[in-house]
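Novice: give me a 3D structure for the following:
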Amino acid sequence: MTYLDKELFKRILQKAFAPYALSTVAFDALWNLIHCEGLKKNELFTVEGKKCIRLGFLVSGVVIGIGNDINGKRIVSELYNSTDNRVVTSFRSFDMQVNSLESIKALNLTPEGYKVECRLYFLELCG
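Specialist: Residues are numbered from 1 along each chain as shown. Below is the predicted model of the structure:
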């Protein structure tokens, strides 16, 4: 899925990387690996029990991480929203490339009948 504001996001990302003196060539190579995706209610961004290969930036909507606590009870382990907690991934799994202990899925917190989806830009590691 493609969004018209992808160029705006590109400029924001360039500004964020400015302190790191990333060359234009390096940034363009990185940018070619970034995708945009819309998630509908209950659609998964990452899957529990599999290695997380996605690092996302939430543009709109709400997604949650769902996993087990130390007693084996299902809980919401993380809440991501587009105004505060925007970087979306199963951090331990993405960093260490081990199986994820949580699934991350989209929520729909809007009135019935109002179509909304979570929108994310993400980098996906090669499998």
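Novice: tally of neighbours for residue 105?
Specialist: 18 (other C-beta atoms under 10 Å). Where C-beta positions appear, they are placed from N, C-alpha and C, glycine not excepted.
Novice: which helix in the protein has the most residues?
Specialist: Secondary structure of the chain per DSSP state H: the longest helix is helix 6-17.
Novice: need the contact partners of that helix.
Specialist: 27, 31, 34, 36, 57, 59, 121 (C-beta atoms under 8 Å, 6 or more residues apart in numbering).
Novice: who is the fourth one paired with across the strands?
Specialist: By that I understand residue 36. Bridge pairing for residue 36 (DSSP bridges) gives the partners residue 121.
Novice: how much space separates residue 83 from residue 55?
Specialist: Residue 83 sits 19 Å away from residue 55, taking C-beta to C-beta, to the nearest Å as the criterion.
Novice: is residue 57 in a bridge, and if so with what?
Specialist: Taking DSSP bridges as the rule, residue 57 bridges to residue 87, residue 121.
Novice: OK, contacts around it?
Specialist: So residue 57 contacts 9, 86-88, 120-122 (C-beta under 8 Å, 6+ apart).
Novice: mind checking how far it is from residue 76?
Specialist: 20 Å.
Novice: before we move on, what about residue 103?
Specialist: Applying C-beta to C-beta, the value for residue 103 to residue 76 is 11 Å.
Novice: and those two? which has more neighbours close in?
Specialist: Between residue 103 and residue 76, residue 103 has the larger neighbour count (other C-beta under 10 Å), namely 19 against 11.
Novice: what's the helix or strand for the more buried one?
Specialist: Assigned by DSSP states H and E, residue 103 belongs to strand 102-107.
Novice: in contact with residue 24, which residues?
Specialist: By C-beta under 8 Å, 6+ apart, residue 24 has no neighbours at all.
Novice: next, it: phi, psi?
Specialist: Here the main-chain torsion angles of residue 24 (degrees, to the nearest 10) amount to phi -60, psi -40.
Novice: need the per-residue pLDDT for the residue nearest the centre of the chain.
Specialist: The residue lying closest to the centre of the chain (C-alpha atoms, centre = their mean) is residue 56, at 2.6 Å. Note on residue 56: pLDDT of 86.
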